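Student: What follows is a predicted protein model with its sequence.
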Amino acid sequence: HWLFVQHSETPIVALGGYPVAAPVPDSASLAAFVGDYEWWPGFVDRITERGGRLFGQDPDHTEEPPHPFVAAGGEAFYPDNDSSGLTVFARDTSGRVTGYYPRVAGGPLIVARKIR
């Protein structure tokens, strides 16, 4: 078991036109991340995939458009136009996606578990 004790970070708020060097996962790989994730009791984010991209949306506020994610690696993404909001997906020992860890600069580390 790992124990998270302390960390430090230097967020890069904008990529400043630098190209993303991470390979973009294909639609089949992205499908593993699709689902509903509870990050606080009663608060759920919905992750969907279309056109080879992931999108996040609050299912209780469908009037707001889904926000696209940009791949930062095979398991890590950040919201379009906000490279400081890194989200890393977690898998269990069988390879099944079980949750994600979104991190916004200056905010707490959130653990969201996949509920559907």
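Tutor: Arrived safely, thanks for sending.

Student: Which pLDDT value belongs to the residue nearest the centre of the chain?
Tutor: Most central in the chain under Cα atoms, centre = their mean is residue 87, positioned 3.3 Å from the mean C-alpha point. Residue 87 carries a pLDDT value of 90.

Student: Let me see the contact set for it.
Tutor: 69, 76, 77, 78, 79, 100, 101, 102, 103 (Cβ atoms under 8 Å, 6 or more residues apart in numbering). (Each C-beta comes from the backbone N, C-alpha and C, glycine too.)

Student: Just the buried residues of those residues.
Tutor: Among the contacts of residue 87, those classed as buried by 16 or more other Cβ atoms under 10 Å are 69, 76, 77, 78, 79, 100, 102, 103.

Student: from those residues, which is closest to residue 49?
Tutor: residue 69 (9.7 Å; Cβ to Cβ).

Student: Tell me which stretches of the chain form strands.
Tutor: Taking DSSP state E to define them, one finds strands in the chain at 35-40, 43-50, 53-57, 67-71, 76-79, 86-91, 97-103, 112-114.

Student: hey, which of those strands is tucked in deepest?
Tutor: Sort the strands of the chain by mean neighbour count, taking mean count of other Cβ atoms under 10 Å, and strand 76-79 sits at the top with a mean of 21.

Student: what's the distance between that one and the middle of its chain?
Tutor: Remark: strand 76-79 is offset 5 Å from the chain centroid, using Cα atoms, centre = their mean, to the nearest Å.

Student: Same question for stretch 40-52.
Tutor: With Cα atoms, centre = their mean, you get 9 Å for stretch 40-52.

Student: Not counting its neighbours along the chain, what's nearest the residue nearest to the centre of the chain?
Tutor: residue 102 (4.4 Å; Cβ to Cβ, 6 or more residues apart in numbering).
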